[in-house]
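Undergrad: heads up, no residue letters with this:
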């Protein structure tokens with residue numbers, strides 16, 4: 001018998017128990033019996049089981065679980081209602097024969113001709129079984145999400161839990177993700193033109209990472225990466241069509257996310273806003289699997305313009321956009337009309353709720369703020385902070401880098417009330433008009449200050465409730481943002497200002513407090529890092545995430561010497577690849593080019609490779625679409641004009657040796673063998689027929 005992808009809703013655990021109505025159960029499981037009558041919230045240790053007059057139920061591992069149950073029916077059907085105290089699918093039910101033998105079999109057991117068929121228990125019907133049927137479903141696939149509650153009509157309720165107790169020294173976590181936030185803040189990155197007093201509060205009392213990088217400079221791939229601690233070539237998410245979960249045809253149905261990791265280790269995990277990108281099977285932010293359903297605090301959803309029938313809907317979860325499709329529309333509306341204010345208030349309420357938690361559990365509270373993502377719809381007060389528009393300084397170099405391969409460049413622009421044409425757009429050969437560059441920068445800056453003010457509301461409440469000294473605060477952007485440097489706008493590239501993100505982390509009592517570190521860190525590593533810092537370490541090898549927590553004890557500790565990012569292209573016209581970023585909306589099988597980039601202390605090196613959509617892998621033995629090498633030896637991270645990327649120095653004689661070294665390092669890191677690709681792709685639910 002083998003657990004199958006037919007049960008795509010559940011994650012697989014190792015189950016090692018075979019039990020027959022409780023007889024010889026201890027010998028079979030290697031565990032021990034615990035009282036039959038458990039109270040809600042009681043915990044089971046690995047290998048422990050509970051019995052009732054109707055059978056034996058075994059939990060052998062913490063975390064979400066798929067239990068493949070082989071039932072030997074005795075001809076009498078009974079109804080098993082199952083739901084979850086903190087998650088799951090309330091009200092779903094399965095039909096079982098509770099007086100039969102319940103065998104819990106390990107996944108991967110050899111299949112044979114007598115193996116029972118699989119049946120998905122989350123169906124809201126009787127699956128063809130009724131009280132008079134003589135043949136009940138023989139397999140129950142059930143997701144145990146949080147505290148599982150089993151009810152039978154002929155027995156008492158059974159409570160079990162797959163949640164650990166947190167350690168005594170557990171720390172709280174406030175986890176803030178800001179959409180399209182670049183490293184342009186007053187204190188953290190010494191940008192005096194910026195008004196960011198609340199970001200400054202975190203950086204002054206915490207640690208600034210001057211060289212933090214995302215793995216993909218687009219929302220959905222980046223968020224799938226850092227929320228799971230896995231790189232894009234592991235999640236297989238490079239667009240807005242897929243997610244890591246099976247619902248997005250991803251390979252990670254059994255993976256845990258950051259909030260889920262904390263929840264299953266005893267933290268209460270609450271959240272709201274744009275954390276996962278709302279698409280591709282994650283429209284509801286991986287709820288309830290990743291989140292607690294506790295203390296009367298509902299998840300605060302984020303519905304973008306594509307999910308709301310009316311972009312000006314009064315639904316509190318809908319964001320509003322500028323009327324007429326414009327990019328900038330500051331407004332004097334009440335604060336309650338702005339999504340980020342409603343999110344801040346929700347986060348404040350979540351903090352107040354955990355203060356009253358009768359169990360006094362540590363918390364993981366996440367908030368995903370929408371601005372400064374365009375459209376720039378926010379209170380006029382913050383736009384007015386940066387006037388007049390004519391005073392706004394623009395990038396010194398407004399043209400594409402000298403020698404840049406066209407496939408590396410991505411044109412961008414905006415729509416203003418007096419411009420919907422070439423003047424407010426950039427191309428490979430022509431920058432946006434100066435006045436519109438100033439207008440775009442002013443709009444962006446105001447949006448940053450608006451979000452800063454809402455983060456301030458959350459920080460005020462954190463301090464008022466007495467949590468300041470035992471809470472880790474993390475704030476960063478899902479990727480960077482380009483404001484005309486080297487002719488680029490938005491994200492959608494492998495350049496420095498697209499892949500670099502501001503990362504601020506406050507760890508109370510850390511020797512790194514008040515320091516700006518130049519260590520090369522990545523957002524994919526936040527999973528392991530925050531887990532270790534808070535007291536919930538991630539098992540080694542479980543994810544791609546590696547903890548850089550050591551830097552908070554010793555800011556000059558040895559750490560990796562590079563960061564790695566990538567970006568996909570789907571050019572409809574191979575002769576003009578710069579004028580197309582349609583990969584966002586195309587199936588991943590349509591990707592034809594993948595740009596892989598490595599950033600070291602002194603250089604950025606990028607190779608643009610042909611990509612095989614049928615295997616979802618780069619063709620390393622084929623000619624490249626272009627190579628880039630940028631000299632960052634004089635880059636302090638504080639000059640956001642990016643003079644280090646004005647000139648592509650690839651293939652110049654004086655840089656031949658370092659180019660060779662970086663090419664080898666990049667290829668060694670990203671290359672996957674055919675066997676590795678096959679193993680990875682086999683986890684796609686639609687494999688091998690549907691991998692798009």
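TA: Ah, there it is. The shown structure was predicted, so the numbers you read here are calculated from the model rather than taken from an experiment.
Undergrad: Ramachandran angles for residue 366?
TA: phi -120, psi 150 (degrees, to the nearest 10).
Undergrad: same question, the one 3 residues further on
TA: Dihedral angles of residue 369 (phi, psi; degrees, to the nearest 10) stand at phi -80, psi 140.
Undergrad: from what I can see it touches residue 272, true?
TA: No - with contacts defined as CB atoms under 8 Å, residue 369 does not count as touching residue 272, sitting 9.9 Å away. The C-beta positions use only the backbone N, C-alpha and C, and glycine is treated the same way.
Undergrad: For those two, list the residues in contact with both.
TA: By CB atoms under 8 Å, 6 or more residues apart in numbering, residue 369 and residue 272 have these common neighbours: residue 343.
Undergrad: would you list every one of the strands in the stretch 501-650 of the chain?
TA: Secondary structure of the stretch 501-650 of the chain (DSSP state E, counting those that start in this stretch): strands at 516-522, 562-569, 593-600, 603-612, 617-618, 626-631.
Undergrad: any weak-confidence spans in the stretch 451-600 of the chain?
TA: 581 (pLDDT under 70).
Undergrad: residue ranges for the helices of it, please.
TA: Under the criterion DSSP state H, counting those that start in this stretch, the stretch 451-600 of the chain contains helices at 496-499, 526-534, 550-553.
Undergrad: Determine which stretch of these is the most buried.
TA: Burial of those is given as mean neighbour count (mean count of other CB atoms under 10 Å); helix 496-499 ranks first at a mean of 26.
Undergrad: any residues touching that helix, and which ones?
TA: 182, 213-214, 217, 479-483, 485, 488, 491-493, 563, 565, 597, 599, 604, 630, 632, 640, 642, 644-645.
Undergrad: For residue 663, give me its contacts.
TA: 605, 607.
Undergrad: Report whether it is found in a helix, as I expect.
TA: Yes - secondary structure assignment places residue 663 in a helix (DSSP: H, G, I helix; E, B strand; the rest coil).
Undergrad: Kindly provide the distance from the closest residue to residue 337 other than its chain neighbours to residue 378.
TA: Distance criterion CB to CB, 6 or more residues apart in numbering; nearest residue to residue 337, sequence neighbours excluded, is residue 320 at 6.9 Å. Applying CB to CB, to the nearest Å, the value for residue 320 to residue 378 is 10 Å.
Undergrad: Tell me which of the two has more neighbours.
TA: residue 378 (30 against 21; other CB atoms under 10 Å).
Undergrad: check contacts around the more buried one.
TA: Residues near residue 378 by CB under 8 Å, 6+ apart: 330-331, 338, 340, 371, 446-447, 450.
Undergrad: okay, the helices of the stretch 451-600 of the chain in JSON lines with distance to residue 658 next?
TA: Listed next are the helices of the stretch 451-600 of the chain as JSON lines, based on distance: least, CB to CB, whole Å:
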{"stretch": "helix 496-499", "distance to residue 658": "17"}
{"stretch": "helix 526-534", "distance to residue 658": "29"}
{"stretch": "helix 550-553", "distance to residue 658": "26"}
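Undergrad: Of all those, which one comes closest to residue 177?
TA: Among these, helix 526-534 comes nearest to residue 177, with 9.8 Å by CB to CB.
Undergrad: Which secondary structure elements does that closest one sit against?
TA: strand 172-178, helix 219-228, helix 258-263, strand 471-477 (3 or more CB pairs under 8 Å, 6 or more residues apart in numbering; DSSP states H and E).
Undergrad: Just send those back as TSV, with mean neighbour count too.
TA: TSV is the format used below for the helices and strands packed on helix 526-534 (neighbours: other CB atoms under 10 Å):
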stretch	mean neighbour count
strand 172-178	25
helix 219-228	28
helix 258-263	28
strand 471-477	23
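Undergrad: need these in JSON lines with distance to residue 575, can you?
TA: Below are the helices and strands packed on helix 526-534 laid out as JSON lines (distance: least, CB to CB, whole Å):
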{"stretch": "strand 172-178", "distance to residue 575": "38"}
{"stretch": "helix 219-228", "distance to residue 575": "26"}
{"stretch": "helix 258-263", "distance to residue 575": "43"}
{"stretch": "strand 471-477", "distance to residue 575": "34"}
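Undergrad: before we move on, back to that, same list (the strands of the stretch 501-650 of the chain) but as CSV, adding mean neighbour count and distance to residue 407.
TA: Listed next are the strands of the stretch 501-650 of the chain as CSV, based on neighbours: other CB atoms under 10 Å; distance: least, CB to CB, whole Å:
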stretch, mean neighbour count, distance to residue 407
strand 516-522, 21, 24
strand 562-569, 24, 6
strand 593-600, 23, 6
strand 603-612, 22, 5
strand 617-618, 24, 14
strand 626-631, 21, 5
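Undergrad: Name the residues contacting each of residue 320 and residue 378.
TA: Here residue 320 and residue 378 share the contacting residues residue 338, scored by CB under 8 Å, 6+ apart.
Undergrad: so where do the helices sit in the stretch 101-250 of the chain?
TA: For the stretch 101-250 of the chain, the helices defined by DSSP H, counting those that start in this stretch cover 197-205, 219-228, 232-235.
Undergrad: what separates the first one from the chain centre, distance-wise?
TA: Yep, that's helix 197-205 we're talking about. Centroid separation for helix 197-205 versus its chain: 24 Å, with CA atoms, centre = their mean, to the nearest Å.
Undergrad: can you pull the pLDDT of the spatially most central residue of the chain?
TA: Centrality entry for the chain: nearest residue to the mean C-alpha point is residue 227, 2.6 Å, by CA atoms, centre = their mean. At residue 227, the pLDDT value in this model is 98.
Undergrad: How many neighbouring residues does the closest residue to residue 608 other than its chain neighbours have?
TA: Among residues not flanking residue 608 along the chain, residue 625 sits closest, at 3.9 Å (CB to CB, 6+ apart). Per other CB under 10 Å, the neighbour tally for residue 625 reads 22.
Undergrad: I'd say residue 453 and residue 195 touch.
TA: No - here residue 453 lies out of contact with residue 195, judged by CB under 8 Å, at a distance of 9.3 Å.
Undergrad: And the two? Which one has more around it.
TA: Between residue 453 and residue 195, residue 453 has the larger neighbour count (other CB under 10 Å), namely 21 against 18.
Undergrad: excluding its backbone neighbours, what's nearest that one?
TA: Nearest non-adjacent residue to residue 453, counting by CB to CB, 6+ apart: residue 198, 6.8 Å away.
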